[in-house]
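Predicted coordinates and the sequence they were generated for:
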Amino acid sequence: MSARLMALRGSNNEGVLAAVLVVLIVAMSLVSPSFFTVGTLFAVIRSSIVPVIFALAVLIVIISGGIDVSFAAIAIFAAYTTVKLSGAGGSTASLVVLTLLALGIGAVLGLVNGGLIARFRLPTLIVTLGTQSVFKGALLAYIGSRYIAALPPSMDRAGKHDLVTAHSGGSPVSVSLMVLVPVLLTVFVWWLLRNTMFGRGVYAIGGDTEAARRAGFRVIRSQLLVYVLVGMLAAAGGVVYVILGRNANPQDLVGSELDIIAAVVLGGASIFGGRGSVGGTLLGVLLVQLINNSLLLVGVPTAWQRAAVGLLLVIGVGVQAAAAKRSRKRVFAHEDLEVAR
Amino acid sequence: MSESEAPVLEVSDIVKTFGGVRALAGVSLSLKPGTVHCLAGENGCGKSTLIKIISGVERPDSGRIVVAGTEHDRMTPSGAMDAGIQVIYQDFSLFGNLTAAENIVLTGEVAAHRALYSRRRARPAAERIVRELGIKLDLEEDVERLSVADKQLTAICRALVHDARILIMDEPTTALTRTEVQRLFAVVRQLTERGVALLFVSHKLDEVLQVAQTVTILRNGSHVLTAPAAELDGASIGRYMTGHDIDESRQVVRLPADASAVLEVRDLTLPGAYRDVSFTLHRGEILGLTGLLGSGRSEIAESLFGVLPARSGTITVDGQDCTIRSIDDAVAAGIGYVPEDRLTQGLFMDASIADNIIASSLDAYRRRPSRLLDRRRIAETITSLFGRLRIKAPNVSSPVRSLSGGNAQRVVLAKWLATKPKVLILNGPTVGVDVGSKSEILQILRQEAADGRGVLIVSDDVPELVAVCHRVLVIRQGQVVQELEGDGVDLETIQRTMAA
């Protein structure tokens, strides 16, 4: 493959993903005339706000060589607890205070994950699968199981501001101001992974934990930080979710993890650790949201949407496994070419 | 390089025990700037433990480590790096997912306790070191796509960018071709000119003697000798390493001219591993298959045993065409295999010697028509093999875990001999086995061949191949590049062809 083509393809197949997105958009525009509209664009953006935040969290943990399936449980735990503790509709707390409270809760729950994983060297999937149930159970048992319809006024107000409004097909459509949260967090995580020693350490640990230890990285501390960070990002996602939904329901979010993990893996993050980019992750989230949206538009039942996302995940992982197998065979590549001739 | 110069590293009277086993019994070593020092010894002599102690990975029970005049009684990995000690491990400890440039600078940035990382700062630092060493290296390529030699250069650059004063290299030449070794030595000479002290850990002495000024030899955790390289040669080093003259003379019985073929391999190919491999193994013959690490030698053996089935080509055992797609196919065809890593692949460590010996052949001991095991015949087989292979253990019910490397290897051998294979394939039959055991194992192999089996030895231990093999095939980059026979089987020819 020529160098220019390689560059277009991107280090984690971002180019391929972008091409798939374009093809999907063109195809859907041909199939359904109502697809290529501002309304659809805004709908996809709106539906991506919370997933992008979660995906950034999952991206960091996947690069570090782990996985976290408890982020949705942390998100709703942090957001619901914040709403409930602040006195719901009767609260006078400012948005800043509420957000800090939620982030604090997220950090503590993340620390539980990180502590178990880094201290006892347990498999990350099993730990977070366990804590997911523990967090959700504790939420329902100790904090509350009832739907809260009235948010604290400061949160409620935040959800009412729109960043952009437009008219599409005669009806007004808009994107909430909350879209700025994932935008800012995206820039933050991009900078963190690229330009801090912590970020490079996450790549190093995901690439080879033992080598990272020998190189002097403080592996346990970095892993703890990764899970604390994931907890905080999840909490931020939870708060935004509650604000956008204008209510707090403790039964929400848990169960939607697969969409996020599929998006991150499709975005080129390697399930083996050490690889992944913020750009690819954004494309991955957009692809999953667009597919969900498109399936709805062409009248595919919701049940099949779950299957479609599952299939995407399997394809994403399959492509990675195949690529890993190919790269292992590169040892005698030039001689093998001769054989092929 | 003056004699009077003060040593940059001095370790003295290092003692280290692991759960009652003494790994190092008072070892001392001193390293002068601008020189190459070779640390030699057999597997398990304590070389690796000593490096780990110097680099702070392990803590000695007693002894002193003095780096450039400063005594360190609690050396830690980061403390060692701060003192200018860098270790290049056999696996290089590089990050395959990061570029060469980042690999080169990252460790230094960690040591400098930086919070932020800048590509703009990293690139020139990496470029500077590459330019100073006068080497070619694609700095923007991910390390996992580099060749072994380039990975090693990356690791060397990484050590230097952090101003290493002492560079320890663990078996630096094992996976390199001959030209790559020469290129490495050119770099090593550059390093000594910069005043870096190098410690080479190796058992490939002929190569190391080219660049080393001093040699220290360890045996069973004890210091045997430190002497200028000029006063030593391969034979004397071998004697110091093992403590006695090793009988590695060639003892090969002539094959009868009409010996029939027991294994015929034609055009065996597995893309990415080896291709067009053809050879014939005769009844009573010992055939050697050698090549560098990664040359494809192990993959060929694994294909014949069905672990890694070949893509194309034919395999004929005893005149019958066989399709070997799995281990079961290979066993059914009459092929036995002693793997390279017997601890994980060849033995049930907690089971008894007896159970291990019989593990692969139980099916043959079922009585008809009841299909129950014939305990008496099993016991007979076990006792006979236990004696035949001279396994040193109190009795057959001792667990394999309690055995030494040489005895564990005999149990694996016994297990496959119990299946009465027509073809016995051994991958690194004497790796990690002490010298006395080694010559006994080789004698057993000669005996098995004489009994009419075909024996295929896959190994990079050239002296051992010369000692037992009728013929030797040399594999390079996945192809048989030379076949040596009779008097043509000699140490230098094989080594030259392997690493050409």
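Structure's in. What do you need? Keep in mind that what you see is a predicted model, and the values were worked out from it rather than measured. Residues are numbered from 1 along each chain as shown, chains lettered A, B, ... in the order given.

Tell me the secondary structure at the residue at minimal distance from the centre of chain A.
The centroid of chain A falls nearest to A:Ala55 when counting by Cα atoms, centre = their mean (1.0 Å). When classified by DSSP: H, G, I helix; E, B strand; the rest coil, A:Ala55 comes out as helix.

I figured B:Ile53 hits B:Leu9, correct?
No - the criterion here is Cβ atoms under 8 Å, and B:Ile53 misses it with B:Leu9 at 11.7 Å. For the C-beta atoms, the positions are set from N, CA and C on the backbone; glycine is no exception.

Give the intersection of the neighbour lists for the two.
B:Ile65 (Cβ atoms under 8 Å, 6 or more residues apart in numbering or on different chains).

ok, and the closest non-adjacent residue to A:Glu210?
Closest residue in space to A:Glu210, ignoring its immediate chain neighbours: B:Ser93 at 7.1 Å, by Cβ to Cβ, 6 or more residues apart in numbering or on different chains.

Show me how chain B divides into domains.
B:9-242, B:261-498 (automatic domain parsing).

in the chain, which ranges drop under the pLDDT threshold?
Looking at chain A here, since you left the chain open. Counting by pLDDT under 70, the ranges of chain A that qualify are A:1-12, A:169-170, A:324-341.

meant chain B, my bad for not saying
Chain B contains residues with pLDDT under 70 at B:1-4, B:19-21, B:43-44, B:175, B:203-206, B:243-248, B:341-345, B:404-405, B:432-436.

Around chain A, which positions in it sit nearby?
For chain B, the residues in contact with chain A (Cβ under 8 Å from any Cβ of the partner chain) are B:57, B:77-78, B:81, B:87, B:89, B:91, B:93-98, B:102, B:106-107, B:109-111, B:114-118, B:144-145, B:269, B:271-273, B:275, B:294, B:296, B:477-479.

Among the residues you listed, which are located in helices?
Among these, the members falling in helices (DSSP state H) are B:77-78, B:81, B:102, B:106-107, B:109-111.

Would you confirm that A:Gly89 contacts A:Val83?
No - checked against Cβ under 8 Å, the pair A:Gly89 and A:Val83 is beyond contact range at 9.3 Å.

any residues in contact with both of those two?
Contacts common to A:Gly89 and A:Val83, judged by Cβ under 8 Å, 6+ apart, are A:151-152.

Settle it for me: which of those two has more neighbours?
Just comparing A:Gly89 and A:Val83: by other Cβ atoms under 10 Å in any protein chain shown the higher neighbour count belongs to A:Val83, 28 against 14.

Quick check: beta-bridge partners of the residue lying closest to that one once chain neighbours are set aside?
Take A:Val83 and drop its neighbours on the chain: the residue closest to it by Cβ to Cβ, 6+ apart is A:Ala248, 4.3 Å away. Note on A:Ala248: beta-bridge partners by DSSP bridges are A:Ile148.

I'd say A:Ala248 and A:Val242 touch.
Yes - with contact defined as Cβ under 8 Å, A:Ala248 and A:Val242 form a contacting pair (5.0 Å).

Which helix or which strand is home to B:Leu417?
helix B:405-418 (DSSP states H and E).

Show me what that helix is packed against.
Under the contact criterion of 3 or more Cβ pairs under 8 Å, 6 or more residues apart in numbering or on different chains; DSSP states H and E, helix B:405-418 touches strand B:335-338, helix B:342-345, helix B:353-358, helix B:375-388, strand B:423-427, helix B:435-450.

thinking again about what came up before, only whichever of the ones in helices among the residues of chain B next to chain A are buried, select them in PyMOL.
Command for PyMOL that selects the buried part of these, burial taken from 16 or more other Cβ atoms under 10 Å in any protein chain shown:
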select buried, chain B and resi 77+81+102+106+107+109+110
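
Now the ones in helices among the residues of chain B next to chain A in a markdown table, please, with extra columns for distance to B:Pro339.
Formatted as a markdown table, those follow (distance: Cβ to Cβ, whole Å):
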| residue | distance to B:Pro339 |
| --- | --- |
| B:Pro77 | 33 |
| B:Ser78 | 38 |
| B:Met81 | 37 |
| B:Glu102 | 37 |
| B:Leu106 | 36 |
| B:Thr107 | 35 |
| B:Glu109 | 41 |
| B:Val110 | 38 |
| B:Ala111 | 40 |
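
and which of the ones in helices among the residues of chain B next to chain A is nearest to A:Val278?
Using Cβ to Cβ, B:Glu102 is the member of these that sits closest to A:Val278, with 17.5 Å.

CA-only coordinates of the helix or strand where B:His37 lies in CSV, if you can.
Using DSSP H and E, B:His37 maps to strand B:36-40. Only the C-alpha atoms of strand B:36-40 are listed here, as CSV (Å, rounded to 0.1, in the frame of the first residue of the first chain):
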residue,chain,number,x,y,z
VAL,B,36,33.3,-4.5,27.3
HIS,B,37,33.0,-7.1,30.0
CYS,B,38,31.4,-10.5,29.3
LEU,B,39,29.5,-12.4,31.9
ALA,B,40,29.4,-16.0,30.9
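
Follow the chain on from it and name the next helix or strand.
Next in sequence after strand B:36-40, counting helices and strands by DSSP H and E, comes helix B:47-54.

Tell me how far that following helix lies from the chain's centre.
The chain centre lies 17 Å from the centre of helix B:47-54; the measure is Cα atoms, centre = their mean, to the nearest Å.

Now name the helix or strand holding the residue of chain B most remote from its centre.
Relative to the centre of chain B, and counting by Cα atoms, centre = their mean, the farthest-placed residue is B:Pro369 at 47.8 Å. Under the criterion DSSP H and E, no helix or strand holds B:Pro369.

Can you tell me how far it is from chain A?
47 Å (Cβ to the nearest Cβ, to the nearest Å).

and that residue, what does it touch?
No contacts exist for B:Pro369 under Cβ under 8 Å, 6+ apart.

Ok, B:Leu29 next?
B:Leu29 neighbours (Cβ under 8 Å, 6+ apart): B:9-11, B:37, B:39, B:50, B:199, B:216, B:223, B:226.

how near is it to B:Pro7?
Distance of B:Leu29 to B:Pro7, computed by Cβ to Cβ, to the nearest Å: 9 Å.
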